[in-house]
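In: Here is a sequence with its predicted model. Questions after.
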Amino acid sequence: MAETLVINKNLSQQEIYDSLLRQLNSLINADEPLISNLANVTAALKNTFEKISWVGFYLLKNGKLYLGPFQGKVACTVIEIGKGVCGNSAARKETIIVNDVDLFPGHIVCDNGSRSEIVIPLMKDEKIFGVLDLDSYQLSAFNETDKHYLEILSKTLIQKLSFERIVL
Ligand code: SME
């Protein structure tokens, strides 16, 4: 993956995502390790959107989600399928937007300051490989536009990279 990312933060949310995804698309390098690519994706997201307090991947290994590349404060390292927002997203195989984490039963607190969250599953042909988790200190920080573009990002990652060979 190359090392530059140019984002004009004065653009609309949609235009910023268009620009970000276009650049990530050409920067993701399938010949380089999965973890290296995912690490840069988290950095790109964290540096593009000020509303993000934490962004990272939880990757499936032996039936549990383990902390992968992330940006932000230290976080819990293992999440059971069906637990928390991440485990629910993996179990339901769908994106979950949580406008107020205090209202999500079973939400797993990694940072007391976190107020809202979006979790996008990483899956191919209904098989789950992990989730992408974004947190914010703002209530209702994530909307349908985030969902739309982050699902495209998730599909791009699954198509381009070899999640079958996850080494954790
Ligand atoms: N809040 C998540 C746990 C992961 S941290 O937010 C980084 C959850 O409920 O699954």
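Out: That came through, no problem. For clarity, every value in this text was computed on a predicted model and none was experimentally measured. Residues are numbered from 1 along each chain as shown.
In: And the contacts of stretch 12-31?
Out: With contacts defined as Cβ atoms under 8 Å, 6 or more residues apart in numbering, stretch 12-31 is touched by 1-2, 5-9, 11, 37, 40-41, 44-45, 48-49, 145-146, 149, 152-153, 156-157, 160-162. Using the backbone N, CA and C atoms, a C-beta is placed for each residue, glycine as well.
In: could you pick out which of those residues are near the ligand?
Out: Restricting those to those touching the ligand (Cβ under 6 Å from any ligand atom) yields no residues.
In: just checking, which of those belong to helices?
Out: Those of the contacts of stretch 12-31 mapping onto helices are 37, 40-41, 44-45, 48, 145-146, 149, 152-153, 156-157, 160, per DSSP state H.
In: These: which two are farthest apart?
Out: Asn37 and Thr145 (23.9 Å; Cβ to Cβ).
In: Pick the one among the ones in helices among the contacts of stretch 12-31 closest to the ligand.
Out: The ligand lies nearest to Leu45 out of these, by Cβ to the nearest ligand atom, at 13.5 Å.
In: what's across from the residue nearest to the closest one when sequence neighbours are not counted in the sheet?
Out: Counting by Cβ to Cβ, 6 or more residues apart in numbering, Val55 is the residue found nearest to Leu45 once chain neighbours are left out, at 4.8 Å. Note on Val55: beta-bridge partners by DSSP bridges are Gln71, Leu134.
In: hmm, who's touching the particular helix or strand that has Ala91 in it?
Out: Here Ala91, judged by DSSP states H and E, is contained in helix 84-92. Residues outside helix 84-92 that contact it (Cβ under 8 Å, 6+ apart) are 58, 60, 65, 79-82, 95-96, 98, 101, 104, 106-108, 117, 119-121, 128, 130-131, 133.
In: Which ChimeraX command selects the buried ones in those?
Out: Of the contacts of helix 84-92, the buried ones go into a single ChimeraX selection, burial set by 16 or more other Cβ atoms under 10 Å:
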select :58,60,65,79,81,95,96,98,101,104,107,108,117,119,120,121,128,130,131,133
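In: Which ones among the contacts of helix 84-92 also lie next to the ligand?
Out: Near the ligand, by the rule Cβ under 6 Å from any ligand atom, you find 79, 107-108, 117, 133 out of those.
In: Which ones among the residues you listed lie within helices?
Out: Per DSSP H, these never map to helices.
In: neighbours of the closest residue to the ligand within the chain, just the number please.
Out: Here the chain gets closest to the ligand at one residue, Gly84, 2.7 Å apart by Cβ to the nearest ligand atom. Residues lying near Gly84 (other Cβ atoms under 10 Å) number 26.
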